[in-house]
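Chemist: Return a 3D structure for these sequence lines:
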Amino acid sequence: MPPADQAAATATATPRHEPDLPHARPRPRRVPARPPLERVRWDRVGRVALLVVLAVVAALYVEHAIAYVSARRQADAQLAVVNRLREQNAALARQQRSLNDPATIVRDARALGMVWQGERPYVITGMPSH
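Modeler: Predicted coordinates:
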C-alpha cells in the first residue's frame, strides 16, 4: 500500500492533459531518436540475402548446363563421325565383295590385256577409239 501522503498527493494532483483551448495549437509529437542499429531495414536485408542465394544457385545450375550442352555437342560430333565411318565401311565392304567375284577378276584382267594360259593373244589395230 502506498503511504498516506502519496495517496493524498495523487488525489489532489491535476490531470495530465489540459483541456483543449480553441486558441491553443497542438504540439507536434516528438519521436525519440533511434539508435543506428534499429534503422536497419531487415526486410530489405532478407530480400537481398535471398537474391544472393538465388544468384549462387542459378550460377551453379548454369555451370552444369553449359557442361551438359558442351558434352552433348561433342557427342553429336562423334556420332556424326561414327555414321560417316559406318557408311564408308559399308562401301568398302561392297567393293571388296565385287573385287573378289571371279567374273570381275576376269573382266579386269582382260581390260589389262591378260589372256588365259594357252590362249592366243591378238591385237586389232585401226579401230576408232571409244
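Chemist: So in this protein, where's the weakest helix or strand by average pLDDT?
Modeler: Every helix and strand of the chain was ranked by mean pLDDT, DSSP states H and E. The lowest is helix 4-12, at a mean of 57.
Chemist: by contact count, what packs against the helix or strand following it?
Modeler: Where DSSP states H and E defines the elements, the next helix or strand beyond helix 4-12 is helix 42-99. On a contact count with 3 or more Cβ pairs under 8 Å, 6 or more residues apart in numbering; DSSP states H and E, helix 42-99 meets no helix or strand. Backbone N, C-alpha and C define where each C-beta goes, glycine included.
Chemist: State the pLDDT value of the residue nearest the centre of the chain.
Modeler: The centroid of the chain falls nearest to residue 65 when counting by Cα atoms, centre = their mean (3.1 Å). Listed pLDDT for residue 65 reads 94.
Chemist: And the one 5 residues further on, by the same measure?
Modeler: The confidence metric pLDDT takes the value 97 at residue 70.
Chemist: how far away is residue 100 from residue 84?
Modeler: Per Cβ to Cβ, to the nearest Å, residue 100 is found 25 Å from residue 84.
Chemist: so where's the chain uncertain?
Modeler: 1-26, 31-38, 130 (pLDDT under 70).
Chemist: If we use 90, what do you get?
Modeler: Low-confidence segments of the chain, defined by pLDDT under 90: 1-43, 60, 63, 110, 113, 119-130.
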